[in-house]
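**Student:** I need the structure of the sequence given here:
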Amino acid sequence: GLTRALGQSIRKLQVQIRDAAGKLSADQPEIILTNVGNFSQVHAELDQLTSGIERVISDLRQRELEVLRSEQLAAVGHLAASVAHEIRNPLTAIKMLVQSGQESDNDPDQSSLTVEDLRVIESEIRRMELSLKIFLEFARPPKLEKRSVHLQNMLQEVFGLVRGRTEKQKVEMRLDVEEVPIVVTADAEQLRQVLVNLILNSLDMLPRGGTIVISGRTLDDRIEICVADSGPGISADMLSQLFQPFSSNKETGLGLGLVISKRIIEDHGGSISGENPASGGAAFQVTLPKER
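**Tutor:** I've put the predicted structure just below:
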């Protein structure tokens, strides 16, 4: 009875092994049940199953590398196209002005480059510098230099940086932060860059005035910062692409600002998200670990 029971168990185990092997490859032989079951046969089939698993894992890793390489090549292609687009337009304007100046040197009846022409050239060069800076930050993010940062002081600095544009657009900015000092361990420069970027995005949505509210609070294990505006909100087609490279609905947008901001916040161990609140407008939530 014991021999019979053991033989049946061995045969069941063989069936399970053959079934698993069949899922790995369609070339496995047909399962044939006999009245004889032995451990040596089970051992051989287990070796065969192990080899099949190793082959499948190797194939999966190879395909994963191929997919990753394809994604990297696609990202490089997008980056190259964006660089070409952002650099070509300013260069065209500069080229036309320089050619005009050269023609005026050969024709005494025409005036040479004016002060306004030089201002345009300088403006276009600065535009190219800014685009290249953004591309470099995307391709080669700087290392974090963390230290204790007082959030209230940083927000006041950010207010100062954008005050000129908010006054020009007649946008009211309000700060709603706890009175208790909020301290976060972060790279001050990079965190400031994220907050300025979020505010500038809100200002782009408020060309004729509105309100931007920046709130900050501490919870049990994290710090939350929210930038909310009274604009039209995030379009439905952009909600699912907010943090994807080169996704932008602005004519002059590179689609990298939020991508870089997301990477900075995640490097700090936090998270960032965007939504359209029920009260209207758009809101971006930044969550950072609380200093211990």
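**Student:** give me the buried positions along the helix or strand hosting Met154.
**Tutor:** Counting by DSSP states H and E, the element that carries Met154 is helix 151-168. By neighbour count on 16 or more other CB atoms under 10 Å, the buried set for helix 151-168 is 151, 154-155, 158-159, 162, 166. Every residue, glycine included, has its C-beta placed from N, CA and C.
**Student:** I'd like the next helix or strand past it.
**Tutor:** strand 171-177.
**Student:** name every strand pairing with that following strand and say which way it goes.
**Tutor:** strand 210-218 (parallel) (DSSP bridges).
**Student:** now the following helix or strand past the strand it pairs with and strand 171-177, what's the angle there?
**Tutor:** Sequence order places strand 222-229 as the next helix or strand after strand 210-218, per DSSP H and E. Orientation note: strand 222-229 sits at an angle of 160 degrees relative to strand 171-177 (axes from the mean of the first three to the mean of the last three CA atoms, to 10 degrees).
**Student:** got the CA positions of strand 222-229 in PDB?
**Tutor:** The C-alpha atoms that make up strand 222-229 are tabulated as PDB, following Å, rounded to 0.1, in the frame of the first residue of the first chain:
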ATOM      1  CA  ARG A 222       5.800  63.900   5.600                       C
ATOM      2  CA  ILE A 223       5.600  67.500   4.500                       C
ATOM      3  CA  GLU A 224       3.000  68.500   1.800                       C
ATOM      4  CA  ILE A 225       3.300  71.600  -0.400                       C
ATOM      5  CA  CYS A 226       0.500  72.500  -2.800                       C
ATOM      6  CA  VAL A 227       0.500  75.100  -5.600                       C
ATOM      7  CA  ALA A 228      -3.100  75.700  -6.700                       C
ATOM      8  CA  ASP A 229      -4.400  78.300  -9.200                       C
END
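**Student:** following element in sequence after that strand, please.
**Tutor:** Using DSSP H and E, the first helix or strand after strand 222-229 is helix 236-239.
**Student:** list the buried residues in that following helix.
**Tutor:** Quick answer for helix 236-239 (16+ other CB under 10 Å): Met238.
**Student:** pLDDT of the next helix or strand after that helix, averaged?
**Tutor:** Once the chain leaves helix 236-239, the next helix or strand it forms, by DSSP H and E, is helix 257-267. Mean pLDDT, helix 257-267: 88.
**Student:** which strands or helices does the helix holding Met154 pack on?
**Tutor:** Judged by 3 or more CB pairs under 8 Å, 6 or more residues apart in numbering; DSSP states H and E, helix 151-168 is in contact with strand 171-177, helix 188-204, strand 210-218.
**Student:** can you rerun that using 10 Å?
**Tutor:** In terms of contacts (3 or more CB pairs under 10 Å, 6 or more residues apart in numbering; DSSP states H and E), helix 151-168 is packed against strand 171-177, strand 183-186, helix 188-204, strand 210-218, strand 222-229.
**Student:** what sits up against that helix?
**Tutor:** 150, 171-175, 177-184, 186, 188, 191-196, 198-200, 202-203, 206, 209-210, 212, 214-218, 223, 225, 227, 288 (CB atoms under 10 Å, 6 or more residues apart in numbering).
**Student:** at 6 Å instead, please
**Tutor:** The list of residues contacting helix 151-168 from outside it, by CB atoms under 6 Å, 6 or more residues apart in numbering, reads 173, 177, 182, 184, 195-196, 199, 203, 216.
**Student:** just to revisit the earlier point, CSV please, covering the buried residues of helix 151-168 and showing pLDDT and distance to Ala5.
**Tutor:** Compiled in CSV, these are given as follows (pLDDT from 0 to 100; distance: CB to CB, whole Å):
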residue, pLDDT, distance to Ala5
Leu151, 90, 70
Met154, 90, 73
Leu155, 90, 75
Val158, 90, 76
Phe159, 88, 80
Val162, 89, 80
Thr166, 91, 83
